[in-house]
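Chemist: here is my input; please provide its structure:
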Amino acid sequence: MQQLEVQSDLTVVGGGLAGICAAIGAARQGSTVALVQNRPVLGGNSSSEVRVWVCGATAHGTQSFARETGIMGELFVENQFRNPLGNPYYWDLVLLEAVRAEPRITLYLNTDVRSVEAEDDEIRSVTGWQMGSEKEIRFVSPVFVDCSGDGLVGVLAGADFRTGREPRSQYDESWAPDVPDSNTLGSTILFYSKDAGEPVRFVPPAFARNVTETAIPDRRVIRTDLNGCAFWWIEWGGELDVVDDNEAIRDELQAVVYGIWDYIKNSGNFDADNLTLEWIGSVPGKREYRRFLGDHVLTQHDVLEQREFDDRVAFGGWSIDLHPPGGVYASEHGSKHWFSDGAYHIPLRSLYSRNVRNLWMAGRNISASHVAFGTTRVMATCAVLGEAAGIGAAVALCNGLTPRELARDRFGLMRKALTRADASVLGVVDDDPANLAVTAAVTASSTLTRPALEVSSGTLPLTTDLGMVIPVDPALDGFELLVDSNGGSLTVELHDPVKPQNYLPAELIDSCTVDLPAGEKRWIRIPLSWRPSRPSNVFVILRKTPDVSVHTAPTALPGTVHFAHREPAADEQWTEQFRAWKHILQRSGLCLRLGDTSAYAPEKVLGGYARPYGGPNLWSSEDLAWDPNPWLELTWPEPVELSEVVVVLDADVQEDLINLHHHRTPFESLPTLLADYSLEARNGDDAPWQPIAQVTDNHHRTQHHHLPTPTQATRLRLTAHRTNGAPRAHVVAVRAYGAPG
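Modeler: A predicted model of the protein is given here:
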């Protein structure tokens, strides 16, 4: 047996999405990282071993403009380009290549951490056994990040933690039980089927459950066209210890899967003769176990009230999603959901241990109550927490700080690092003095100042209330809609969503009733105005008017989103989980004309927010048919020295991407991204333009352009040559840096 010792700045234990993003985030800050994973593949529950969809703040499209950026955003976009069909093995490759692309990360697969050396409230080392190579490896570093899911490192180090459900009295959470218990969310095993093209029989194993003797056929949806995570409800073990009883849970789940497949194949209730079982999981996908205690415990109130923490480092948007402990055998619905009105914030103080000084955590083991954990547990949220923990660990280490000192005393360091990393944080402006672009003036060849969609692609009758969110910057002074009408009138309302990340009506601003002329394709003016104190969105409601139809357009304006109102169905028993406004007109909009706006001004690329927040926060050119090679130009009054230029493009965070097969997005490169662009610089008005970069066939949101030698410049120009399909050029941010710090 070989005994090895590995020295690094950080040791990250766990190779799920939280661990991957923690390792990459720390490595990009300059830290050396040992990434230790006890399985042969990366990805955790999202890997080809388990095959769970990577869900996040978009909540399958329930939340608006909520897709993650940063490392998780890169993975989503890269997977969409490489793997539009959702092949789980291609997803494994996307993750593996992302880790291998970072030279400061050393990856240890098949390495199971079994012991921890800790003293004086600090971890000194962790030791694991690498199966196959028969090596015992001791990992030594000043900082550790527990992304193991079950929290093995933290518990062996003596970190304070909880399992199970807290009582309602502890945090005054309405969804907490009156009496605490040890119940958790259960584990799941999934399966895939396929059409073999000929009859295939299935002989069930003796241990298969006879599901007709249970409530499963009556209380769960079973169809032959469903696969994988459509059977997320094959869940069990919440009333057991999901670690101690892992083997029994796996056996029971496989018995249930084979029983369901027997029911599909042999009950006679389905057209399933040609179906065969293609894959069944052998590793239970765990949902919940230990939750460590940090300096802040995230609660139901933090989530639903969208509390704006000073030390916010990430956001989520999935519902508080709790399942009955009995899982597949429960008589209740398989889940209940409670959505916040938009994305919510997560603080740095929930990502480190309150009593082990050098322990960070990310993923499903963060400092949260059981109820709040019901939303933070989904994997894209775990991933952004991983990036935040990795960046935090590296920044604290570099500056000689404990996690608590970074969160409470020097959080400005963390905020700048997150912004520069394009991490998933809401409401944080780029005011980093190292970004030379914030001191520049900016001009453009053209700007979308009077946005309009005038070509109709069809009509939508007002048989229900319709909603439309449009940006207001600095003011709305009425707008026009294209309608068909038999006459009569239309009532229109303006509502303030109040929070910049929300896209739902919250406070009524104004309303009017407009008389409509009879006829088709008539432009009507809506004389409603609003001047908010800062750039904002407004929610426009077109009240139900059955004899009126509005015209739809084949595209949508940047930052707009559309809804239809729906009344709850009789069986929607949890009023908290019901959201009346549902997204419609995906990738399209209503025919409308807006007045003058600064919502798409070139100044938006300098500092400010790098994602939709109280507006789209991007520059948009006029239509490419009118301005075929639009450009942005930054100007400094005195020469600056450029070593790196960063271009952040519009990856359309309204588009709900997914790693596997929940739905298919119809393009490989997001249309709103620039496909081809060039960068040039010059020093003085009379000097020639010098090329910096020429980018072709781009499908990434962020491009880093490192100059071989520092360049003196008074002007920097970005010229767009082609998009991936959008009718206008969009740029979110241009950043310029001098010598590396």
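Chemist: for the stretch 301-450 of the chain, which segments count as helices?
Modeler: Counting by DSSP state H, counting those that start in this stretch, the stretch 301-450 of the chain has helices at residues 370-376, 379-398, 403-408, 411-420.
Chemist: can you give the distance of the longest one from its chain's centre?
Modeler: Averaging C-alpha coordinates over helix 379-398 and over its chain gives two centres that are 15 Å apart (CA atoms, centre = their mean, to the nearest Å).
Chemist: now the angle from it to helix 411-420?
Modeler: Angle between the axes of helix 379-398 and helix 411-420 is 130 degrees (criterion: axes from the mean of the first three to the mean of the last three CA atoms, to 10 degrees).
Chemist: take helix 379-398, keep the C-alpha atoms, and write them as CSV.
Modeler: The C-alpha trace of helix 379-398 is given here as CSV (Å, rounded to 0.1, in the frame of the first residue of the first chain):
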residue,chain,number,x,y,z
MET,A,379,-28.1,21.5,-7.9
ALA,A,380,-27.6,24.7,-9.8
THR,A,381,-28.1,26.6,-6.6
CYS,A,382,-25.6,24.2,-4.9
ALA,A,383,-23.2,25.0,-7.7
VAL,A,384,-23.4,28.8,-7.2
LEU,A,385,-22.9,28.2,-3.5
GLY,A,386,-19.9,26.1,-4.4
GLU,A,387,-18.4,28.9,-6.5
ALA,A,388,-19.0,31.4,-3.7
ALA,A,389,-17.4,29.2,-1.1
GLY,A,390,-14.4,28.5,-3.3
ILE,A,391,-13.9,32.2,-4.1
GLY,A,392,-14.4,33.0,-0.4
ALA,A,393,-11.9,30.4,0.8
ALA,A,394,-9.3,31.6,-1.7
VAL,A,395,-9.8,35.4,-0.9
ALA,A,396,-9.7,34.8,2.8
LEU,A,397,-6.6,32.7,2.5
CYS,A,398,-4.8,35.2,0.3
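Chemist: what comes up buried for that helix?
Modeler: Using 16 or more other CB atoms under 10 Å as the test for burial, helix 379-398 gives 379-397. To be clear about C-beta, it is placed using only N, CA and C from the backbone, and glycine gets the same treatment.
Chemist: equivalent analysis for the last one, please.
Modeler: Judged by neighbour count (16+ other CB under 10 Å), helix 411-420 contains these buried residues: Phe411, Leu413, Met414, Arg415, Lys416, Ala417, Leu418, Thr419, Arg420.
Chemist: same thing with the shortest one?
Modeler: Across helix 403-408, burial judged by 16+ other CB under 10 Å covers Pro403, Arg404, Leu406, Ala407.
Chemist: how far away is the closest residue to Glu134 other than its chain neighbours from Thr665?
Modeler: Among residues not flanking Glu134 along the chain, Met1 sits closest, at 5.8 Å (CB to CB, 6 or more residues apart in numbering). Remark: distance between Met1 and Thr665 (CB to CB, to the nearest Å) = 48 Å.
Chemist: the more surrounded of the two?
Modeler: Taking neighbours as other CB atoms under 10 Å, Met1 and Thr665 compare with Thr665 leading, 15 against 6.
Chemist: do I have it right that the more buried one meets Leu657?
Modeler: Yes - Thr665 lies in contact with Leu657 (CB atoms under 8 Å); the separation is 5.9 Å.
Chemist: between the two, what contacts are shared?
Modeler: Jointly contacting Thr665 and Leu657 under the rule CB atoms under 8 Å, 6 or more residues apart in numbering are Gln80.
Chemist: now for His323, how many residues are close by?
Modeler: His323 is flanked by 24 other residues according to other CB under 10 Å.
Chemist: if you could redo that for Asp627, that was the one I meant.
Modeler: Neighbour count of Asp627, defined by other CB under 10 Å: 17.
Chemist: got the contact list for the nearest residue to it once chain neighbours are set aside?
Modeler: Take Asp627 and drop its neighbours on the chain: the residue closest to it by CB to CB, 6+ apart is Ser446, 4.2 Å away. Ser446 sits next to Ser621, Glu622, Trp626, Asp627, Pro630 when contact means CB under 8 Å, 6+ apart.
Chemist: let me see the contact set for the last one.
Modeler: What it means is Pro630. Ala444, Ser445, Ser446, Ser621, Glu622, Leu624, Thr719, Ala720, Arg728, Ala729.
Chemist: not counting sequence-adjacent ones, nearest residue to the fifth one?
Modeler: Think Glu622. Leaving aside its chain neighbours, Glu622 sits nearest to Ser446 (4.0 Å; criterion: CB to CB, 6+ apart).
Chemist: and the pLDDT for the one you found?
Modeler: Reading off the confidence values, Ser446 has pLDDT 98.
Chemist: same thing with Arg566?
Modeler: pLDDT, Arg566: 88.
Chemist: ok, Ala739 next?
Modeler: According to the prediction, Ala739 has pLDDT 78.
Chemist: I figured it hits Ser643, correct?
Modeler: Yes - counting by CB under 8 Å, Ser643 is a contact partner of Ala739 at 5.4 Å.
Chemist: any common contacting residues for the two?
Modeler: Between them, Ala739 and Ser643 share the contacting residues Pro710, judged by CB under 8 Å, 6+ apart.
Chemist: who has more neighbours out of the two?
Modeler: Each of Ala739 and Ser643 has its neighbours counted (other CB under 10 Å); Ser643 has more, 17 against 10.
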